[in-house]
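Participant: Using only what follows, build the 3D model:
(one chain, ligands or ions: 2)
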Amino acid sequence: MSQTTRLTHGKKSFEVKKYTFATKVIPRLSCHNPECEERIANGLPVVIPDVDLVASARHKWNIDYLHDNIGDGKFMTFFSSSKKFKFYDDKKCPNVKSFKKPMEQEELTFDEFVQKINKGKSKGQRCYLQQALNETVGENIVSDLEGFNWNWVTAQQEKNSFGPLRDLMLLIGQEGNITPVHYDEQENFFAQVYGYKRFILFPPEEFPNLYPHPTYHPCDRQSQVDFDNPDFEKFPKFRNATGFETIVGPGDVLYIPILWWHQVESIPNEGHTISVTFWYKGRPPPEKPTYPLNAQIKVAIMRNIEKTIAEALNNPDEVRYPLR
Ligand SMILES: CCC[C@@H](CC(=O)O)C(=O)C(=O)O
Ligand SMILES: [Zn+2]
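Facilitator: Ligands and ions are numbered 1, 2, ... in the order given. Here you go, the predicted model:
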């Protein structure tokens, strides 16, 4: 077994895999602490243990309750023969002929999902439900959603000039499931409802150390580096990566700033996890960029250059990335 380390959450302590990079702790600050507001305003991650963003869910949502109340809508479910659920964009698969999908996906009713969880264990297959909540949910879920702390999260959206709420996503993962390190182009208030998740974050400045796939690749926004077995020949700068880390538990909210890299792990042998993510479009770009450019702007510029090169050449095999 690879080396392990221990992380704590309150009185609980968890044994987790030790990776090759160093990490610092992500601060846990009360929503009443001005420093918490400052961190969000400055695009810095923070764990907020007392905002109770999804209190109505935290006290009620478990697999049985959701099964009985979530309605007959379809839920995107991913299947993986390993612990990893590396996201890929189906629409970009034609760009890379040799691409092998790292997982399968299927839209299931919640009942079908529950059956898969039970059957999957026997077939050595893991599954991960990841679905934006929509109008198909039952009336009890609607009233639970109405009970979320919309005053707080909407105040954060307004104070920080976030764009509109893009998605409210329900995540139900099995113990040990891993979402490998990637970044998103939205602001994210991640609310943990049930179970414990380990988060490892890296700031956008670490872009050169994390070797994202090119923008035309199905795994755009995902790192090419396998944390379990990093190829330091191919990705030498990964040695310089320095991250931030925390465990989130029921009731915690983690602010994941836009373009911050994150790997998320449902703690092994600690049962399934239920989370709700509040994804907001990012702040509008500044009228006039101020120099030196910050990392977020540099990432946006690099992405645009990559897309322009790929479109101009119209042949992904010809695209070489001198940008990193
Ligand atoms: C579909 C979203 C998955 C989530 C990671 C996780 O909880 O496994 C994440 O990456 C995010 O919230 O940004
Ligand atoms: Zn993400």
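Participant: Quickly find the element holding whichever residue of the stretch 1-150 of the chain sits closest to ligand 1.
Facilitator: Closest to ligand 1 within the stretch 1-150 of the chain is Gln130: 4.3 Å, counting by Cβ to the nearest ligand atom. From N, CA and C alone the C-beta is placed, and that goes for glycine too. Using DSSP states H and E, Gln130 maps to strand 126-132.
Participant: Check which helices and strands the helix or strand just after that strand sits against.
Facilitator: The first helix or strand that comes after strand 126-132 along the chain, using DSSP H and E, is helix 139-146. Applying 3 or more Cβ pairs under 8 Å, 6 or more residues apart in numbering; DSSP states H and E, we find helix 139-146 packed against helix 55-58, helix 63-69.
Participant: Point out the most buried one among those helices.
Facilitator: Most buried of the helices and strands packed on helix 139-146 by mean neighbour count (mean count of other Cβ atoms under 10 Å) is helix 55-58; its value is a mean of 19.
Participant: Export that one to PDB, keeping only CA atoms.
Facilitator: Extracted C-alpha coordinates of helix 55-58, given in PDB (Å, rounded to 0.1, in the frame of the first residue of the first chain):
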ATOM      1  CA  ALA A  55     -29.500  22.800   6.200                       C
ATOM      2  CA  SER A  56     -32.800  21.400   4.900                       C
ATOM      3  CA  ALA A  57     -30.900  18.800   2.900                       C
ATOM      4  CA  ARG A  58     -28.300  18.000   5.600                       C
END
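Participant: Which strands or helices does it pack on?
Facilitator: Judged by 3+ Cβ pairs under 8 Å, 6+ apart, the packing partners of helix 55-58 are helix 139-146, strand 186-194.
Participant: Just say helix, strand or coil for His32.
Facilitator: Counting by DSSP: H, G, I helix; E, B strand; the rest coil, the backbone at His32 sits in coil.
Participant: And the contacts of the helix or strand bottoming out on mean pLDDT in the chain?
Facilitator: In the chain, no helix or strand scores lower on mean pLDDT, DSSP states H and E than helix 110-123, which sits at a mean of 85. With contacts defined as Cβ atoms under 8 Å, 6 or more residues apart in numbering, helix 110-123 is touched by 63, 66-67, 70-71, 73, 75, 77, 79, 108, 126-127, 129, 172, 174, 272.
Participant: what does the stretch 101-250 of the chain have sitting close to ligand 1?
Facilitator: When proximity is defined as Cβ under 6 Å from any ligand atom, the stretch 101-250 of the chain approaches ligand 1 at Gln130, Met169, Leu171, Gly173, Thr179, Asp184, Asn188, Phe190.
Participant: Contacts only, for Lys159.
Facilitator: Counted by Cβ under 8 Å, 6+ apart, Lys159 has contacts Glu37, Ile40, Ala41.
Participant: Doesn't the first one belong to a helix?
Facilitator: Yes: the assignment for Glu37 (three-state DSSP) places it in a helix.
Participant: quick one: the helix ranked longest in the chain to chain centroid distance?
Facilitator: Criterion DSSP state H: the longest helix present in the chain is helix 295-313. Remark: helix 295-313 is offset 22 Å from the chain centroid, using Cα atoms, centre = their mean, to the nearest Å.
Participant: CA-only coordinates of that helix in PDB, if you can.
Facilitator: C-alpha atoms of helix 295-313 as PDB (Å, rounded to 0.1, in the frame of the first residue of the first chain):
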ATOM      1  CA  ALA A 295      -3.000  34.100 -13.200                       C
ATOM      2  CA  GLN A 296      -6.800  34.000 -14.000                       C
ATOM      3  CA  ILE A 297      -6.400  36.400 -16.900                       C
ATOM      4  CA  LYS A 298      -3.200  34.600 -18.100                       C
ATOM      5  CA  VAL A 299      -5.100  31.200 -18.100                       C
ATOM      6  CA  ALA A 300      -8.000  32.800 -20.000                       C
ATOM      7  CA  ILE A 301      -5.500  34.300 -22.600                       C
ATOM      8  CA  MET A 302      -3.700  31.000 -23.000                       C
ATOM      9  CA  ARG A 303      -7.000  29.100 -23.500                       C
ATOM     10  CA  ASN A 304      -8.000  31.600 -26.200                       C
ATOM     11  CA  ILE A 305      -4.600  31.300 -27.900                       C
ATOM     12  CA  GLU A 306      -4.800  27.500 -27.900                       C
ATOM     13  CA  LYS A 307      -8.300  27.600 -29.300                       C
ATOM     14  CA  THR A 308      -7.200  30.000 -32.100                       C
ATOM     15  CA  ILE A 309      -4.200  27.900 -33.000                       C
ATOM     16  CA  ALA A 310      -6.300  24.700 -33.100                       C
ATOM     17  CA  GLU A 311      -9.000  26.300 -35.200                       C
ATOM     18  CA  ALA A 312      -6.500  27.900 -37.600                       C
ATOM     19  CA  LEU A 313      -4.600  24.600 -38.100                       C
END
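Participant: Only the buried residues of that helix, if you could.
Facilitator: Ala295, Gln296, Ile297, Val299, Ala300, Met302, Arg303, Glu306, Ile309, Ala310 (16 or more other Cβ atoms under 10 Å).
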